[in-house]
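When you get a sec, could you give me coordinates for this:
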Amino acid sequence: MHLAAELLLAAGASAILDAPYGHQEDREELARIAADADLRLIECRVLPETAVRRFRQRGPDPVRLDLTEELVGADGAGVHVRGGLGRACPALRVDTEALSLPECLERIESFLRL
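Sure thing, here's the model as predicted:
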């Protein structure tokens, strides 16, 4: 994913990466790749039990076959991306517990238009 983003940015295109970024080395790599780019972070907050319920409703991920209820619950337990990128960048935190899907999307779209 980082290689594809690096190639897109080098070609003058934009890239959207969808990942939890819970590991410091992943955040450092992202900071390196996006050193000259307009980097923006969007953090979607969800309670672990809500994440698991949504996973059950959706069913197994056809791409991430290793994704289990336990991993989904752990990801939703609150690993926060803010900080650790070695640079300041705009960040938006979207509370998916309090907002509807249309409200979440509207806030994200507004944030990306800035």
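
hey, let's count contacts and neighbours off CA atoms from now on
OK.

Going by neighbour count, which residues in the least confident helix or strand in the chain by mean pLDDT are buried?
The helix or strand of the chain with the poorest confidence is helix 69-75; it has a mean of 79 (mean pLDDT, DSSP states H and E). Across helix 69-75, burial judged by 16 or more other CA atoms under 10 Å covers 69, 72, 73, 74, 75.

Of the residues you listed, just say which sits nearest to residue 16.
Residue 16 has its nearest neighbour among the buried residues of helix 69-75 in residue 75, at 19.3 Å by CA to CA.

Residue 48 touches residue 69, doesn't it?
No. Residue 48 is beyond contact range of residue 69, at 9.6 Å (criterion: CA atoms under 8 Å).

For this protein, give me the ranges with low pLDDT.
Within the chain, the stretches with pLDDT under 70 are 75-87.

quick one, helices of it?
Ranges of helices within the chain are 2-10, 24-33, 48-58, 69-75, 101-113, based on DSSP state H.

which strands and helices sit next to the shortest one?
The criterion is 3 or more CA pairs under 8 Å, 6 or more residues apart in numbering; DSSP states H and E, and the helices and strands that helix 69-75 contacts are helix 48-58.
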